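> any chance you could fold what I've pasted below:
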Amino acid sequence: MAPAVKVYGWAMWPFVARALLCLEEARVEYELVAMNPEAGDHLRSALGLLRQEPLRPVPVLEDGDLTLFESHAIARHVLRKYKSEALELLAGDGSPEAAAMVDVWLEVVAQQHHAPTGAIMLQCIVVPLRGGMRDQAVVDENVAKLRKVLEVYEARLSTSRYVAGESLTLADLSHFPMMRYFMDTEYAALVEELRHVT
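Next comes the predicted model:
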């Protein structure tokens, strides 16, 4: 019998990887329905699953009658539904204050961290893989932005073990898919030079 949960996307894409990481953490049986970005599958709203969704997002998760997009929303859904002991990943120690800190740092990841990290990764890895020349001005601009963000992380991590508190949470895990590729660039030293971030 086929798994009830399907994820549409390509595993190497960091946002798809975030959804898959949470499915693996929750030990959910799922099917990855591979999409071909070269063929523009992602521009067809995940094969029509989100016909009304103009953003045409990847990943898309199908869980029974529920269809979700946006990797953070998928991650939260999976952890809430499938792994009761994983609530710590969403709420730290379980207090409303700890849960709020997880939410704050998930927003930092989404709004402050991913844009410069993704731009650097795109210019240093994806553009050359596709035969293009990277735009060093874009890289330099985003290195400066990321350096400022990482300084905030360094300050935070000098007073707590993890970004949202004293336990590992989704806010921490959300960095891994993007940072896995970023650390393969020549700009990995931005992270390595910070004692608490590494």
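> may I ask you to name the longest helix in the protein?
helix 136-157 (DSSP state H).
> run through who's touching that one.
108, 112-113, 115-117, 119-120, 123-124, 163, 187, 190-191, 194-197 (CB atoms under 8 Å, 6 or more residues apart in numbering). From N, CA and C alone the C-beta is placed, and that goes for glycine too.
> next SSE downstream of it?
On the C-terminal side of helix 136-157, the closest following helix or strand by DSSP states H and E is helix 170-173.
> what average pLDDT does the next helix or strand after that next one get?
Next in sequence after helix 170-173, counting helices and strands by DSSP H and E, comes helix 176-182. Per-residue pLDDT over helix 176-182 has a mean of 88.
> before we move on, the earlier item: what are the buried residues along the longest helix of the chain?
139, 142-143, 145-146, 149-150, 153-154, 156-157 (16 or more other CB atoms under 10 Å).
> one more: stretch 75-86?
Quick answer for stretch 75-86 (16+ other CB under 10 Å): 75-79, 82-83, 86.
> which other residues reach that stretch?
18-19, 21-23, 25-28, 61, 63, 66, 68, 87, 89-90, 170, 173-174.
> just the buried members of the residues you listed?
Buried residues within those, counting neighbours by 16+ other CB under 10 Å: 18-19, 21-23, 25-26, 28, 61, 63, 68, 89-90, 170, 173-174.
> from Gly132, how far out is Arg180?
22 Å (CB to CB, to the nearest Å).
> which of those two has more neighbours?
Neighbours around Arg180 and Gly132, counted as other CB atoms under 10 Å, are more numerous at Arg180. The numbers are 13 against 10.
> restricted to buried residues, select the contacts of helix 136-157 in PyMOL.
PyMOL command restricting the contacts of helix 136-157 to the buried ones, with burial defined by 16+ other CB under 10 Å:
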select buried, resi 108+112+113+116+117+119+120+123+124+163+187+190+191+194+197
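> how far off centre is stretch 124-137?
22 Å (CA atoms, centre = their mean, to the nearest Å).
> about what we covered before: kindly reformat the buried residues of stretch 75-86 as JSON lines containing secondary structure.
Shown next, in JSON lines, are the buried residues of stretch 75-86 (DSSP: H, G, I helix; E, B strand; the rest coil):
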{"residue": "Ala75", "secondary structure": "helix"}
{"residue": "Arg76", "secondary structure": "helix"}
{"residue": "His77", "secondary structure": "helix"}
{"residue": "Val78", "secondary structure": "helix"}
{"residue": "Leu79", "secondary structure": "helix"}
{"residue": "Tyr82", "secondary structure": "helix"}
{"residue": "Lys83", "secondary structure": "coil"}
{"residue": "Ala86", "secondary structure": "helix"}
